[in-house]
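Trainee: I would like to see how this sequence folds:
(one chain, ligands or ions: 1)
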Amino acid sequence: MTERINGVFAMTEQLTPQPGIMDIALYVSGESAIAGRSEVLKLSSNENHYGCSDKAREAFQRAGRELHRYPNTDHGALRRAIGEIHALDPDRIICGVGSDEVLQFAAQAYAGPGDEVIVTEHGFSMYPILARAVGATPVTVPEEERRIDVDAILGAVTDKTRIVFLANPANPTGTMLDEAEITRLVEGLPGHVLLVHDGAYAEFVEGFDGGAGLVDAYPNVLMTRTFSKIHGLGGLRIGWGYGRREVIDVLNRLRQPFNLSQAQMEAAEAAVRDTDFTRKCREENARWRDWLRDALVQMGVDCDRSHANFVLARFADEDEAAACDAALRENGILVRRTGGYGLPHCLRITVGDESACRRVIHAIGTFKGVR
Ligand SMILES: Cc1ncc(COP(=O)(O)O)c(C=O)c1O
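Mentor: Below is the predicted model:
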């Protein structure tokens, strides 16, 4: 009910958001600026240090000539390109505004008030947000030394469970479940539970299908992928999902017809087709990621072997991690604090090119008093 006060309509009843919404912690993204510094080395958001493919940038610019046209609604050309490059059926692909949107469709479609959504101790922070946004309850299960624990997930399943969200490789730990473990997980899940296998970092793993094989083998698996990481298009917001035809049909009913602009689709199509660029990025990332990890370990900073485009440096405690973060900022380097992921003693460092990796290691070495 509204009432006119001084010529302005004001609400006289309290607006009440849906249950669960006020429990949502706002997502904290990687910082991109340091006060008082114009030049910053940003290693806080797992972006591609090499940028994106020139072909994607050119396609984006070309699409700029047709800004008065509505985009294509079925994403056909982009789905066909993804299908061709990844050997997948384009009819079972859905595209979204980042993979975040596809994850959101999954939550909206399959979970609601009274339902439970399983997430893991150090899992990607969007999963509990998406669960709460649809009124469901996120149930957090422990990990085993920063690795997803299949038995802990299976032990947490109830008849209220609707979705299990996990990333493989995982963010921010960089660890990975192997094929046997993930298969054991899917086989142990009841049919009413959807496994969302988030492959945001899949392309960094040589020869890994990101979970596509699981989707083909089991009805209750959805794979999500992104153009934000290896393709270097985080600023454009494009992601996709691959699932059973019935699942994709459900998700498409939630999708707004014009969720992607023509420029997004054309840049993404050019990016996925530029397999030379993707390969170069994967190879350079693997080389400098392993170098970064070895250098950290040599200076007494623990670090698991990562399968993604970042490493997780573990310090003695939260104070040491905070002090190292402050020292890096003094040097104009931004990395990610991971307290919000239950890892307050860690810093997540995105793998850059050779000079970025050498610079961050030099700064950490100076902080540790070993360089
Ligand atoms: C594990 C994981 N999943 C999904 C995303 C979302 O990516 P985007 O929405 O940019 O596709 C991210 C981004 O950092 C991520 O780390």
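Trainee: Tell me how far stretch 255-274 lies from the chain's centre.
Mentor: 18 Å (Cα atoms, centre = their mean, to the nearest Å).
Trainee: contact partners of that stretch?
Mentor: Identification of contacts with stretch 255-274 by Cβ atoms under 8 Å, 6 or more residues apart in numbering yields 52-53, 55-60, 62-64, 66-67, 69-73, 75, 77-78, 81-82, 85, 94-97, 101, 105, 227, 231-233, 236-238, 277-278. The C-beta positions use only the backbone N, C-alpha and C, and glycine is treated the same way.
Trainee: cool, stretch 82-93 as well?
Mentor: Contacts of stretch 82-93 (Cβ under 8 Å, 6+ apart): 76, 79-80, 209-210, 212, 215, 240-245, 248, 272-273, 275.
Trainee: now it: mean pLDDT?
Mentor: Across stretch 82-93, the average pLDDT comes to 98.
Trainee: can you check stretch 213-231 too?
Mentor: Mean pLDDT, stretch 213-231: 98.
Trainee: how close does the residue positioned nearest the centre of the chain sit to Gly232?
Mentor: For the chain, the residue nearest the mean C-alpha position is Ala200 (5.0 Å; Cα atoms, centre = their mean). Per Cβ to Cβ, to the nearest Å, Ala200 is found 13 Å from Gly232.
Trainee: can you check Asn259 too?
Mentor: 21 Å.
Trainee: From the neighbour counts alone, determine which of the two ranks first.
Mentor: Counted by other Cβ atoms under 10 Å, Asn259 and Gly232 do not tie: Gly232 has more neighbours, with 22 against 19.
Trainee: Please look at the more buried one and Ser45 and confirm they touch.
Mentor: No. Counting by Cβ atoms under 8 Å, Gly232 does not reach Ser45; the two are 11.7 Å apart.
Trainee: Please identify the buried residues of stretch 123-142?
Mentor: Within stretch 123-142, the residues scored as buried using 16 or more other Cβ atoms under 10 Å are 123-141.
Trainee: hmm, I was thinking of stretch 290-298
Mentor: Of all the residues in stretch 290-298, those buried under the rule 16+ other Cβ under 10 Å are Leu292, Arg293, Ala295, Leu296.
Trainee: go on, stretch 178-198?
Mentor: For stretch 178-198, the neighbour count (16+ other Cβ under 10 Å) marks Ile182, Thr183, Leu185, Val186, Leu189, Val193, Leu194, Leu195, Val196, His197, Asp198 as buried.
Trainee: do that stretch and the ligand meet at all?
Mentor: Yes. Under the criterion of Cβ under 6 Å from any ligand atom, stretch 178-198 makes contact with the ligand via Asp198.
Trainee: Repeat that for stretch 145-156.
Mentor: No. Judged by Cβ under 6 Å from any ligand atom, stretch 145-156 makes no contact with the ligand; its nearest approach is 12.0 Å.
Trainee: Can you tell me how far the closest residue to the ligand within the chain is from Gly174?
Mentor: In the chain, the residue that lies nearest the ligand is Gly98 (2.6 Å; Cβ to the nearest ligand atom). Per Cβ to Cβ, Gly98 is found 20 Å from Gly174.
Trainee: Could you check stretch 110-128 against the ligand for contacts?
Mentor: Yes. Against the ligand, stretch 110-128 shows contacts by Cβ under 6 Å from any ligand atom at Phe124.
Trainee: Need the three-state assignment for Ile349.
Mentor: strand (DSSP: H, G, I helix; E, B strand; the rest coil).
Trainee: contacting residues around it?
Mentor: Leu43, Leu292, Phe310, Val311, Leu312, Ala313, Val335, Arg336, Val360.
Trainee: and it, bridged to which residues?
Mentor: Here Ile349 sits in beta bridges with Val311, going by DSSP bridges.
Trainee: Could you report the distance from it to Leu15?
Mentor: For Ile349, the distance to Leu15 (Cβ to Cβ) stands at 42 Å.
Trainee: for Glu283, same thing?
Mentor: Glu283 is 53 Å from Leu15, by Cβ to Cβ.
Trainee: higher neighbour count, those two?
Mentor: Comparing Glu283 with Leu15 by other Cβ under 10 Å, the one with more neighbours is Glu283, at 11 against 5.
Trainee: The more buried one belongs to a strand?
Mentor: No. Under three-state DSSP, Glu283 falls outside any strand and is assigned helix.
Trainee: In terms of pLDDT, where does it sit?
Mentor: The model's pLDDT for Glu283 equals 98.
Trainee: And Ser32, by the same measure?
Mentor: Ser32 is assigned 83 on the pLDDT scale.
Trainee: so it is in which element?
Mentor: Using DSSP states H and E, Ser32 sits within no helix or strand.
Trainee: Around it, how many other residues sit close by?
Mentor: By other Cβ under 10 Å, neighbour count at Ser32 equals 11.
Trainee: How about the contacts made by it?
Mentor: Ser32 touches Val40, Lys42, Ser44, Ser45, Leu334, counting by Cβ under 8 Å, 6+ apart.
Trainee: of all those residues, which two lie farthest apart?
Mentor: Greatest spacing in these, by Cβ to Cβ: Val40 and Ser45 (11.8 Å).
Trainee: and those two? which has more neighbours close in?
Mentor: Just comparing Val40 and Ser45: by other Cβ under 10 Å the higher neighbour count belongs to Ser45, 18 against 15.
Trainee: Let me see the confidence value for the more buried one.
Mentor: pLDDT, Ser45: 95.
Trainee: Could you verify that it is part of a strand?
Mentor: No. Applying three-state DSSP, one finds Ser45 to be coil, outside a strand.
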